[in-house]
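Trainee: Here is my input, please return the structure:
(chains A and B)
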Amino acid sequence: MMGTSHTLHKHEKLSHKATVDAIFQKKGKSIFKPPLLLAYYKTDLLTTYPCQLLVSVGKRKFKLAVHRNRIKRQLTDIYRQQKHRIYDVIPPDDKYAIGILFLEKTTPTYEELEQHLTAAIDELIKRIR
RNA sequence: GCUGCAAAACGGCUUAUCGCUGUCCUGAUUUAUCGGGAGGGAGGAAAGUCCGGGCAACAUAGAGUAGUGCACCUCUAGAAACAGAGGGUACAGCGGCAGGAAUGCCACUGUAACAGAAAGGGUAGCAGAAAAUAACCGCCUCAUUUUUUUUGAGGUAAGGGUGAAAAAGUGAGGUAAGAGCUCACACGCUCGGGUGGUAACAUUCGUUUGGUACAAACCUUGCACGUUGUAAUACCAAGUAAACUAUAGGUUGAGGGCUACUCGUCCGACUCUGGCUUGCUAGAGACUAUAGAGGGUAGGUAGCGUAGAUAAAUGAUAAGCUCCUCACCUCGGUGAGUAGACAGAACCCGGCUUAUAGUUUUGCAUUUUUU
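Mentor: Prediction:
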């Protein structure tokens, strides 16, 4: 079962422009856990995976690409280690697009990110059920 | 040894676990997915995009014009350049020397878009009479007036005042008063020569002449230059119509080339094509009617690399080692923190500029200690 794998395949990343717009503009719902905003949207996706992920750190919050890249990498890594919890919950026929935004201006530690993202994922699981 | 300056080099490493992105090999099958293995995977600036080149497309296009860039000299490397090194000139600053002073000379540092203002026009705020064909005050002559005064006509750029700048300085002659009006000596400019230097230039002699400043304003001179950038561009797929397919209709002869001429033959009337105009050639599209097919979105491959994608990989965690920082005492250990700065490739290469904790080496300078 691929859900138990800790790998993060290329097809698990969200790259479809219209879907990205849909998450953040109209139909998407969001969970706000202070530095993080987790938005999700139930839709059809051209993938065999239950979810596709988008991570974003605003250019206005962090001016340097180095800092943005680091936060995005850390968030992606945390999601990778916890995604099986979401996959277990989602019904077989449903697909979800997930977007994670980082909204603070100060550089976080790995522990803080892990704590908040875990809480957000818990909330998401609760809502899906 | 400390500190400062300049130049150059470096800009953590190892292991484990879990991951990411290309490449190669390989095993399954549902043929586009899942596995296995090997090996590669950010910088000195990857940044700014300030220059140059490769590469690509635009018609490999002539002439003219517009436009753009560069502008002291020599050498070096280079494909080339706003590259590097050394030098010259001008200006500014600090210091030293000479001098009563003005100022001159010397050394160092910095700055310079460093050809032309004697081709032309233009501009020069405020102040001032006047800012480039100078007359406000002053000085002088003449007329008016009895005289002083006043008024008028003229001469005068020596003096005053204004200003960033007021028309070649000093002395003598000269004059009604003055003036390069004349002369001498300095200054500068033009032209020509001598000496030194590869040269810019320096110095010197003769000659001509007297010119406010401004050219990163117009302009002039010399030299060079096509334009657009990888979001270029090519191919495939797709295609909403001025596109495609099928059928029917429609095909002129102004003019021109070849030629001594005729015959002949070829091009050919409109529109479009790399800033503008124009000559020439080349390329593209003729036109009309009817019918058919085609629909709401998906891109892919090449370009493209012994890192390399297309929401864009190069990461996370743990342990250790050194580097560094802090504390303690012994002057070398112990303990703690632990990689600490600037910063992340998107076509490639060279130069420049900017950011940068810390370490090492070399040179110079100052200061201290010892011999």
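
Trainee: Number of residues surrounding residue A:98?
Mentor: When neighbours are counted by other CB atoms under 10 Å, residue A:98 registers 23. Where C-beta positions appear, they are placed from N, C-alpha and C, glycine not excepted.

Trainee: That one pairs with what?
Mentor: residue A:40, residue A:53 (DSSP bridges).

Trainee: Check the gap between it and residue A:114 for me.
Mentor: Using CB to CB, to the nearest Å, one obtains 17 Å as the distance from residue A:98 to residue A:114.

Trainee: One more: residue A:101?
Mentor: 17 Å.

Trainee: Quick check: which ranges of chain A have low pLDDT?
Mentor: Scanning chain A for pLDDT under 70 picks out A:1-31, A:33-66, A:80-97, A:103-113, A:128-129.

Trainee: make it 50
Mentor: Applying pLDDT under 50 to chain A picks out residues A:1-5, A:46.

Trainee: Which positions in stretch A:70-81 come out as buried?
Mentor: A:70-71, A:74-75, A:78-79 (16 or more other CB atoms under 10 Å).

Trainee: Which ones, among those residues, also lie beside RNA strand B?
Mentor: Restricting the buried residues of stretch A:70-81 to those touching RNA strand B (CB under 7 Å from any atom of the strand) yields A:70, A:74.

Trainee: Quick check: the two most widely separated of the buried residues of stretch A:70-81?
Mentor: The two members of these with the most space between them (CB to CB) are A:70 and A:79, at 15.2 Å.

Trainee: Secondary structure element for residue A:117, which one?
Mentor: helix A:110-128 (DSSP states H and E).
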